[in-house]
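Participant: missing the sequence, but the structure's below:
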C-alpha cells in the first residue's frame, strides 16, 4: 500500500440506480443503530460492514449510506460506551474507507467528522483501560482507517502528525509486548504518513537517537541469525506466534514489520534533518531488502501446501478420536456443544508464517521501487552512490531471481496449456518445478477456504506487479549501469507476457 495507491473514481450518475434494491431501505438499520440495546447497535454496524464488503459497487453503496444518514449514525458509535459496539463501528468505517476510495474517504474526513472519534482512539488514555483483546481489535481497526485516510485525503497526514497520533503510533510500533498485527498496522500507517512529512521527521528527532536506533534494530530483524538470515527454504518469522503469550514473551518483530520499517527509513532519509544519516540508513535498508527478497514466497508454496494438509489431517484425526471416545462411553453420535467452528483454524499458524514472508517481500520490492524513483533532489554523485549501493548489495540480481520465479509461478498457476515453443525450450528440471508448484497450488485450493486461497494467489500476483515496477525504475533512472546487471531479464519478461496472454486466451475459450 503506497500513498495515493488506490485511485477509484466516485460513482457518477444517480446513486440509487447503482445500489441493489435490497439495500435501498435502510430504516431498519438506522433503528438498530439508534437502539438503547448495545447488542443491536453492534449487530447493525457489523451488518453494514458486511454490505460494504460484498457490494459490487462499494463507492456507490457508501454514498447511499451517507445520504440516508447511516454513516452519520455509525461514526459516533466508534467511541460508544460499550467497547464491542466501538470495535464493530470502527471496523465498519474502516471497510468503507478501504472499499470506497478517495471520494468516500474525503466524505468521511470532511463531512462525517470521523477524525474526532478516530483521534480519540489513537491518542486517548481510555483505550488503555479496556481489556487487552478489545483494545487490540479497536486499535487495529482505527489504524487501518487512519492509513486509508492518509493515503487518500490531502492534509490528513498533517492532521495526524499535529495531533500527536503519529507519535502514539510510533510507540505502538516499537512496543515489543504489543501483538505483531498491531505493530504491523502501526508501521503501515507510519510508512504512508512519513512520506515527505518534515514535521514528523522533526518530532522523531526530538525523541533523540534512541528512536532512530529502535527503527534500525527492527530493520535488522530480517537479516538476524535467529531469523535464519532470510533463508529461502524457511518460512520462519513470527507470523504464527500466539498473541496471548506475546505480552509475556515480547517479540523482536516479524519480517513484515522489518520490511515496513525499511520503507519508513527510506522516507526519513529523504528529509533534510536526516541527510547526515542517509548513507547509513540506505545501506541498512538495502541489506534488509536483499534478505527479504531471498525468501521467495513462491518457492515456499510446496512447503506451505504440505504443512497445511498435514495440520488439517491431524485435526480431523483428533476430532475422529474424540468422537470415538465419546461414542464408546454411550454418549450418542455427536460430540455435545460441537458446532464445527474454532477460534483458530488448524492451518492458520502455518498460513500466517507464509503471509509474513510474502507480505514482507512485497513491501521490500515496493521500497526498492520507491528508492529508485527518488530522483528530484539528488545530484549525479548521489545517483551513482545509490546505484553502487544497490548493486553492491545484490538487489538487482535478487529481483531478477524473483522475476524468474514469477514466470514459473505463472506457468504453474495460470496457464492451462503452455505454448509449445516454451515447452521445447525448458529442461527437465524446469518442467518438474512447474509440476511441483502446480500440484502445490491444487492442494492449497483444496485445503484452504476459498477466501484464503484467493488471498494467497492475489498476493503472489501483487508481488509480480510490484516487481516489474521496481525493475522499470532501476532501468529508467539508471539505464547505462543498470542494464549491465539485467542480463537475462528480457527473456523472462517475454516468457511471462506470453504465459499471461495464453492464460487470458484460454479463459476466453472457456
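Facilitator: Done, it's in. From a predicted model like this one, the values you see are computed outputs, not experimental measurements.

Participant: Tell me which stretches of the stretch 401-510 of the chain form helices.
Facilitator: All helices of the stretch 401-510 of the chain, identified by DSSP state H, counting those that start in this stretch, fall at 420-425, 428-447, 450-477, 479-485, 489-509.

Participant: got it, and the stretch 251-400 of the chain?
Facilitator: According to DSSP H, counting those that start in this stretch, the helices that the stretch 251-400 of the chain contains are 255-269, 278-293, 301-328, 348-373, 380-392, 395-413.

Participant: Could you give me the buried positions within the helix or strand hosting residue 169?
Facilitator: For residue 169, the element it lies in under DSSP states H and E is helix 165-174. Neighbour-count burial for helix 165-174 flags 165-170, 172-174 (criterion: 16 or more other C-beta atoms under 10 Å). Using the backbone N, CA and C atoms, a C-beta is placed for each residue, glycine as well.

Participant: ok, so of these, who is nearest residue 131?
Facilitator: Distance to residue 131, by C-beta to C-beta, is smallest for residue 172 among the buried residues of helix 165-174, at 17.0 Å.

Participant: residues contacting the closest one?
Facilitator: 139, 143, 178, 182-183, 186 (C-beta atoms under 8 Å, 6 or more residues apart in numbering).

Participant: Can you lay out these as TSV showing pLDDT and distance to residue 215?
Facilitator: Putting the contacts of residue 172 into TSV (pLDDT from 0 to 100; distance: C-beta to C-beta, whole Å) gives the following:
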residue	pLDDT	distance to residue 215
139	95	20
143	96	18
178	89	16
182	93	17
183	93	12
186	94	12
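
Participant: re the thing from before, any chance of the buried residues of helix 165-174 in a markdown table, with pLDDT too?
Facilitator: What follows is the buried residues of helix 165-174, written out as a markdown table (pLDDT from 0 to 100):
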| residue | pLDDT |
| --- | --- |
| 165 | 91 |
| 166 | 90 |
| 167 | 88 |
| 168 | 90 |
| 169 | 93 |
| 170 | 92 |
| 172 | 91 |
| 173 | 92 |
| 174 | 90 |
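
Participant: In CSV, list the contacts of residue 172 along with distance to residue 129.
Facilitator: As requested, the contacts of residue 172 are exported to CSV (distance: C-beta to C-beta, whole Å):
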residue, distance to residue 129
139, 13
143, 19
178, 16
182, 17
183, 21
186, 20
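
Participant: Which residue, other than its chain neighbours, is closest to residue 401?
Facilitator: Distance criterion C-beta to C-beta, 6 or more residues apart in numbering; nearest residue to residue 401, sequence neighbours excluded, is residue 296 at 7.2 Å.

Participant: So what's the residue count around that neighbour?
Facilitator: A total of 22 residues lie near residue 296 under the criterion other C-beta atoms under 10 Å.

Participant: same check, this time on residue 50
Facilitator: Residue 50 has 12 nearby residues by other C-beta under 10 Å.

Participant: ok, now the one 3 residues further on?
Facilitator: Residue neighbour count, defined by other C-beta under 10 Å, stands at 13 for residue 53.

Participant: Kindly report the same for residue 43.
Facilitator: Residue 43 has 18 neighbours, counted by other C-beta under 10 Å.

Participant: Which pLDDT does the model give it?
Facilitator: Predicted confidence (pLDDT) for residue 43: 94.

Participant: Ok, the one 10 residues further on next?
Facilitator: In the prediction, the pLDDT value recorded for residue 53 is 84.

Participant: Could you dump the helices of the stretch 251-400 of the chain into JSON lines and include mean neighbour count?
Facilitator: Formatted as JSON lines, the helices of the stretch 251-400 of the chain follow (neighbours: other C-beta atoms under 10 Å):
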{"stretch": "helix 255-269", "mean neighbour count": "28"}
{"stretch": "helix 278-293", "mean neighbour count": "22"}
{"stretch": "helix 301-328", "mean neighbour count": "15"}
{"stretch": "helix 348-373", "mean neighbour count": "24"}
{"stretch": "helix 380-392", "mean neighbour count": "15"}
{"stretch": "helix 395-413", "mean neighbour count": "22"}
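
Participant: Figure out which of those helices is closest to residue 98.
Facilitator: Taking the helices of the stretch 251-400 of the chain one by one with C-beta to C-beta, helix 348-373 is closest: 16.2 Å.

Participant: From the centroid of this structure, which residue is nearest?
Facilitator: Closest residue to the average C-alpha location of the chain: residue 359 at 6.0 Å, with C-alpha atoms, centre = their mean.

Participant: tell me the contacts of residue 279?
Facilitator: Contacts of residue 279 (C-beta under 8 Å, 6+ apart): residue 385.

Participant: For stretch 175-184, buried residues please.
Facilitator: Neighbour-count burial for stretch 175-184 [16+ other C-beta under 10 Å]: 178-184.

Participant: for that stretch, how far is the first residue from the last?
Facilitator: Taking C-alpha to C-alpha, to the nearest Å, stretch 175-184 runs 11 Å from one end to the other.

Participant: And that stretch, how far out from the chain middle?
Facilitator: When distances are taken as C-alpha atoms, centre = their mean, to the nearest Å, stretch 175-184 is centred 15 Å away from the chain's centroid.

Participant: now stretch 96-103
Facilitator: Distance of stretch 96-103 from its chain centroid, counting by C-alpha atoms, centre = their mean, is 16 Å.

Participant: just stretch 148-157 next, same as before
Facilitator: Put simply, stretch 148-157 sits 18 Å off its chain's centre (C-alpha atoms, centre = their mean).

Participant: same thing with stretch 179-195?
Facilitator: Distance of stretch 179-195 from its chain centroid, counting by C-alpha atoms, centre = their mean, is 10 Å.

Participant: Which helix or strand contains the nearest residue to residue 33 once chain neighbours are set aside?
Facilitator: Leaving aside its chain neighbours, residue 33 sits nearest to residue 73 (4.3 Å; criterion: C-beta to C-beta, 6+ apart). Here residue 73 sits within helix 70-74, counting by DSSP H and E.

Participant: In the following helix or strand past that helix, which residues are buried?
Facilitator: Next in sequence after helix 70-74, counting helices and strands by DSSP H and E, comes helix 83-110. Buried residues in helix 83-110, counted by 16+ other C-beta under 10 Å: 83-109.

Participant: hmm, back to that, could you measure the residue nearest to residue 33 against residue 118, distance?
Facilitator: Using C-beta to C-beta, to the nearest Å, residue 73 is found at 16 Å from residue 118.

Participant: Please say which of the two ends up with more neighbours.
Facilitator: Taking neighbours as other C-beta under 10 Å, residue 73 and residue 118 compare with residue 118 leading, 28 against 22.

Participant: For residue 190, see how far away that one is.
Facilitator: Applying C-beta to C-beta, the value for residue 118 to residue 190 is 16 Å.

Participant: what separates the closest residue to residue 301 other than its chain neighbours from residue 426, distance-wise?
Facilitator: Of all residues not flanking residue 301 in the chain, residue 440 sits nearest, at 4.5 Å (C-beta to C-beta, 6+ apart). Residue 440 is 18 Å from residue 426, where distance means C-beta to C-beta.

Participant: Please apply the same query to residue 405.
Facilitator: From residue 405 to residue 426 the distance is 15 Å (C-beta to C-beta).

Participant: coming back round to it: need the contact list for the residue nearest to residue 301.
Facilitator: Residues counted as contacts of residue 440 (C-beta under 8 Å, 6+ apart) are 301-302, 304-306.

Participant: If we use 7 Å, what do you get?
Facilitator: The contact partners of residue 440, taken as C-beta atoms under 7 Å, 6 or more residues apart in numbering, are 301-302, 305.

Participant: give me every residue that touches residue 194.
Facilitator: 200, 264, 267-268.

Participant: State the distance from it to residue 449.
Facilitator: For residue 194, the distance to residue 449 - C-beta to C-beta - is 35 Å.

Participant: swap in residue 289?
Facilitator: Applying C-beta to C-beta to residue 289 and residue 449 gives a distance of 32 Å.

Participant: And residue 92, by the same measure?
Facilitator: Distance from residue 92 to residue 449, by C-beta to C-beta: 22 Å.
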